[in-house]
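# sequence below, structure please.
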Amino acid sequence: MPDLKPKEKKKCLALEKKLRKCQFDCGKKPPMSPAEILARCSHSDMKFNSGDMFHKVYVNIEDCVRDCIKSQSCKAISYNTGTQTCYFKLEEGGRSGPTKEKGYISTNMDCDRSRVDLHCQRLGIGFSGADIRSLYSESMEHCVRLCRDLENCKSITYRESDGYCWLKSKEGGSSGPHHSAGHRSINMECDNKPITDFDCLREGINFYSAHLTNLAVADIQECAKHCSETEACKAITFRDSDHQCFLKSKFGGYYPQVAADYSSMNMECDKSKVDNMDCMRTGINFGSADMGNLVVSDREQCVKHCLDTEGCKSITYMISDNRCYLKSKRGGSIGPYAAAGYDSMNMECDNSPVKNLDCIRDGINFPGADLRNLVVEEKEECVKHCRDTEDCKAVVLLEQNSQLNCYLKSRRGGSAVPVASAGYQSMNMECDNSKVSNLNCLREDLFFSGADIGNTVVADEKACVKLCRDTENCQGFSFRLSDNRCYAKSRRGGSSGPSLERNFKSMNMECDNSPVTEPMKCLRRGLDFPGSTQKQITVADIEECVRHCRDTEDCQALTFREDYHYCYLKNERGGSSGPRVSPGYSSLNLECENSTPKQLQCPTLDERFAGSELSHLRVTNFEECLRRCRDTEDCQAVSYRETDSLCELKSAKFEWWSIKSHYISVNMDCDM
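Numbers count the residues shown, from 1 in each chain. All right, here's what the predicted structure looks like:
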């Protein structure tokens with residue numbers, strides 16, 4: 001570090017620690033030796049608890065530290081001087097923090113030993129909850145250093161009478177500060193600047209509930225400061241009569257209330273002018289989804305309260321008593337209805353002209369999935385009500401008794417599939433009216449079993465395509481030739497893939513009809529991918545098997561049995577546990593890597609990775625073992641025994657302490 005003043009050096013060190021937490025590389029520093037680490041960072045008679053990787057006996061602690069340095073995942077150690085056992089840790093300070101324990105020495109591999117600055121400490125204050133660990137410390141400064149050494153420690157509370165130190169995982173603890181004589185608290189990161197921006201203050205308003213804590217303060221400025229120092233705090237309410245400060249976990253609390261003796265404030269708010277009153281719907285009530293209600297001066301004030309309240313998306317205003325209802329959903333829970341004396345609006349709306357009436361399907365009903373029905377003057381009005389309703393995706397129109405009834409629907413096409421019904425008109429808010437041009441995806445003599453959404457009789461295959469377009473989540477269909485019945489499917493290829501059925505044609509809405517040349521480059525002859533079978537079907541050749549896999553959702557691999565021409569579709573690369581040598585079988589993944597394994601350039605270990613075995617098989621050489629691992633889902637490492645060409649595929653990565661006897665081993669993500 002360049003020659004800096006102590007204050008500047010401290011700022012640099014604090015910034016570097018923040019960047020390291022974000023995994024930002026500040027550039028290489030000269031590594032410390034084990035002796036330097038122990039001299040700078042170690043704690044005598046202290047144990048780092050939990051978060052163990054493994055343990056091992058060492059004659060001296062320096063060797064233990066040296067092996068931790070060379071282990072990618074090791075961040076700290078605890079060494080028992082009596083048993084000479086060293087415990088390697090995955091997290092700085094251990095997962096659950098330090099405790100006093102005689103005969104132990106503990107250290108992180110790096111530490112911050114800059115001077116402790118206590119200018120942000122809060123005298124007579126305790127931070128409640130979010131405790132990682134509590135223990136006796138030598139001083140307030142020592143308590144801060146213990147927090148620095150503990151991963152995810154953000155604050156402390158220190159008891160002056162006996163030096164007791166609470167290490168906390170949240171700034172301000174879980175629920176904020178409380179008065180506690182003889183205690184001091186501090187956040188590891190803090191700002192002592194006073195709060196000066198009170199443009200968000202709402203006088204005469206109480207933010208109801210969402211309570212973290214409350215305490216007596218000098219003024220509202222101090223109350224806001226406590227909130228800024230409490231991680232979970234988003235808003236405050238200040239009671240003028242007794243100077244009680246209430247910290248809130250939600251903007252606006254659960255909802256605002258009129259209260260003469262109170263003032264409330266969000267720590268962030270929208271200060272812009274209300275300019276969305278064109279979203280107001282006169283004579284309309286948005287039913288239910290109520291968060292709370294209060295009396296206001298006018299509609300604009302109602303809008304401002306909604307903007308202040310977390311999760312508020314709409315309002316209803318009752319004209320008779322100026323009552324404002326805050327709503328958690330656009331359009332209320334199930335949409336609008338006509339109600340004299342009410343006005344309602346969403347915070348965001350679409351007032352553009354209705355231009356999607358070409359989506360109307362004459363003589364078609366979208367049955368089920370009803371949100372609300374109401375009488376409208378014209379089709380456009382029905383569409384606008386759907387726009388205003390959060391969950392509305394479609395509408396159905398039916399003229400009865402000289403009235404036009406509008407049904408709002410929560411699913412495109414209704415609950416199942418559209419059906420022919422005289423007198424009905426139905427439309428999705430979004431539709432595809434383009435010419436049917438994907439019939440080249442139609443598969444003769446195949447049925448996609450399972451994953452049914454619904455079925456109905458249609459004119460022909462093109463009509464079945466259009467029905468699928470209009471049906472929510474329709475990915476494909478099967479068409480029965482004998483009666484023109486169309487079965488809409490929620491998965492490509494049905495639930496598990498195609499079956500041979502002479503009376504059917506089936507199709508995915510999107511398909512790949514390109515030559516199977518590329519997948520065939522992944523062919524592994526003499527290998528079976530056992531397990532993870534979705535479907536078995538008889539085919540003419542392996543190329544047809546590849547096409548069936550392409551047509552089946554989640555199919556990633558296949559095995560072809562040459563004598564019976566059986567095709568096994570697989571939902572995992574390499575099957576459930578990797579390839580197995582099987583004459584008469586050929587297997588392939590739809591995507592593979594055929595280049596020379598880069599792991600051949602990695603340093604290998606002349607030892608075996610024990611456990612975490614997916615499968616084992618005989619191969620010709622180490623390179624083939626690596627290729628089989630690449631072909632197997634979740635394979636992260638291999639061990640290869642040269643004496644008999646045994647290849648073990650592993651589902652976990654390994655470090656140096658996991659290895660055993662006379663193998664060549666390498667992790668697949670090794671550094672070359």
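# please count neighbours and contacts with C-alpha atoms only from this point.
OK.
# which residues in the stretch 501-650 of the chain form helices?
Taking DSSP state H, counting those that start in this stretch as the test, the helices found in the stretch 501-650 of the chain are 517-520, 542-550, 622-630.
# can I get those helices in CSV with mean pLDDT, mean neighbour count and distance to residue 34?
Formatted as CSV, the helices of the stretch 501-650 of the chain follow (pLDDT from 0 to 100; neighbours: other CA atoms under 10 Å; distance: least, CA to CA, whole Å):
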stretch, mean pLDDT, mean neighbour count, distance to residue 34
helix 517-520, 94, 14, 52
helix 542-550, 97, 21, 56
helix 622-630, 93, 21, 36
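# between those helices, which gets nearest to residue 177?
Ranking the helices of the stretch 501-650 of the chain by their distance to residue 177 (criterion: CA to CA) puts helix 622-630 first, at 53.8 Å.
# quick one on the thing from earlier: and the helices of the stretch 501-650 of the chain: which comes nearest residue 269?
For the helices of the stretch 501-650 of the chain, the distance to residue 269 is smallest for helix 542-550, at 51.0 Å, taking CA to CA.
# hang on, the earlier thing: make a markdown table out of the helices of the stretch 501-650 of the chain and add distance to residue 60.
Converted to a markdown table, these look like this (distance: least, CA to CA, whole Å):
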| stretch | distance to residue 60 |
| --- | --- |
| helix 517-520 | 56 |
| helix 542-550 | 59 |
| helix 622-630 | 38 |
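# closest to residue 327 out of the ones you listed?
When those are ranked by proximity to residue 327 (CA to CA), helix 542-550 comes first, at 46.1 Å.
# and the closest one, what does it pack against?
Counting contacts by 3 or more CA pairs under 8 Å, 6 or more residues apart in numbering; DSSP states H and E, helix 542-550 is packed against strand 557-561, strand 566-570.
# need the CA coordinates for the last one. PDB is fine.
C-alpha atoms of strand 566-570 as PDB (Å, rounded to 0.1, in the frame of the first residue of the first chain):
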ATOM      1  CA  TYR A 566     -35.800 -50.200 -29.400                       C
ATOM      2  CA  CYS A 567     -35.400 -46.500 -28.800                       C
ATOM      3  CA  TYR A 568     -35.100 -45.400 -25.100                       C
ATOM      4  CA  LEU A 569     -35.600 -41.600 -24.500                       C
ATOM      5  CA  LYS A 570     -33.600 -40.200 -21.600                       C
END
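# tell me which residues are up against stretch 215-230.
Counting by CA atoms under 8 Å, 6 or more residues apart in numbering, stretch 215-230 makes contact with 170-179, 187, 190, 194-196, 233-236, 238, 242-247, 267, all of which sit outside it.
# next one: stretch 160-172
Under the criterion CA under 8 Å, 6+ apart, residues 127-140, 143, 146-147, 152-159, 182-184, 186-188, 229-231 lie in contact with stretch 160-172.
# please identify the most buried of the helices and strands packed on helix 542-550.
For those, the largest average neighbour count (mean count of other CA atoms under 10 Å) is found in strand 557-561, namely a mean of 28.
# could the C-alpha coordinates of stretch 433-449 be exported in PDB?
This file holds the C-alpha atoms of stretch 433-449, laid out as PDB (Å, rounded to 0.1, in the frame of the first residue of the first chain):
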ATOM      1  CA  ASN A 433     -53.800 -14.700 -36.200                       C
ATOM      2  CA  SER A 434     -51.000 -15.500 -38.600                       C
ATOM      3  CA  LYS A 435     -51.400 -18.200 -41.300                       C
ATOM      4  CA  VAL A 436     -50.700 -21.700 -40.100                       C
ATOM      5  CA  SER A 437     -47.400 -22.600 -41.600                       C
ATOM      6  CA  ASN A 438     -45.900 -25.200 -39.200                       C
ATOM      7  CA  LEU A 439     -47.800 -28.300 -40.400                       C
ATOM      8  CA  ASN A 440     -44.400 -29.700 -41.300                       C
ATOM      9  CA  CYS A 441     -44.100 -30.500 -37.500                       C
ATOM     10  CA  LEU A 442     -47.000 -32.900 -37.900                       C
ATOM     11  CA  ARG A 443     -46.000 -36.500 -37.100                       C
ATOM     12  CA  GLU A 444     -48.000 -39.400 -38.700                       C
ATOM     13  CA  ASP A 445     -49.100 -42.400 -36.700                       C
ATOM     14  CA  LEU A 446     -48.000 -41.000 -33.400                       C
ATOM     15  CA  PHE A 447     -49.800 -40.100 -30.200                       C
ATOM     16  CA  PHE A 448     -48.400 -37.800 -27.500                       C
ATOM     17  CA  SER A 449     -49.700 -39.500 -24.300                       C
END
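# and that stretch, how far from the chain's centre?
Its chain's C-alpha centre lies 35 Å from the corresponding centre of stretch 433-449 when counted by CA atoms, centre = their mean, to the nearest Å.
# and stretch 473-483, by the same measure?
Worked out by CA atoms, centre = their mean, stretch 473-483 lies 35 Å from the chain centre.
# do stretch 146-164 as well
Between the mean C-alpha location of stretch 146-164 and the chain-wide mean there is a distance of 31 Å, by CA atoms, centre = their mean.
# how about stretch 566-585?
For stretch 566-585, the distance between its averaged C-alpha position and the chain's averaged C-alpha position is 32 Å (CA atoms, centre = their mean).
# quick one: average confidence on it?
Rounded to a whole number, the mean pLDDT of stretch 566-585 is 95.
# likewise stretch 472-484?
Per-residue pLDDT values over stretch 472-484 give a mean of 98.
# buried residues in it?
By neighbour count with 16 or more other CA atoms under 10 Å, stretch 472-484 contains the buried residues 472-480, 484.
# so for residue 16, what pLDDT did the model give?
Residue-level confidence at residue 16 comes out at 69, pLDDT.
# contacting residues for the residue nearest to residue 186 when sequence neighbours are not counted?
In space, residue 186 comes closest to residue 121 once its chain neighbours are excluded; the distance is 4.5 Å by CA to CA, 6 or more residues apart in numbering. Shown here is residue 121, whose contacts under the criterion CA under 8 Å, 6+ apart are 184-187.
# quick one: residue 121 from residue 439, how far?
Taking CA to CA, to the nearest Å as the measure, residue 121 and residue 439 are separated by 72 Å.
# that's a helix at residue 143, yeah?
Yes: under DSSP: H, G, I helix; E, B strand; the rest coil, residue 143 falls within a helix.
# can you count the residues close to it?
By other CA atoms under 10 Å, the residues close to residue 143 number 25.
# for the one 5 residues further on, same thing?
Summarising burial for residue 148: neighbours were counted as other CA under 10 Å, giving 21.
# give me the pLDDT value at the closest residue to it other than its chain neighbours.
In this structure, residue 148 finds its nearest non-sequential neighbour in residue 112, 6.9 Å apart by CA to CA, 6+ apart. We note a pLDDT of 94 for residue 112 in this prediction.
# checking residue 112 next. Helix, strand or coil?
With three-state DSSP as the basis, residue 112 sits in coil.
# what ranges do the strands span in the stretch 551-672 of the chain?
Secondary structure of the stretch 551-672 of the chain (DSSP state E, counting those that start in this stretch): strands at 557-561, 566-570, 580-589, 605-609, 613-618, 637-641, 646-650, 659-667.
# fine by me, thanks again.
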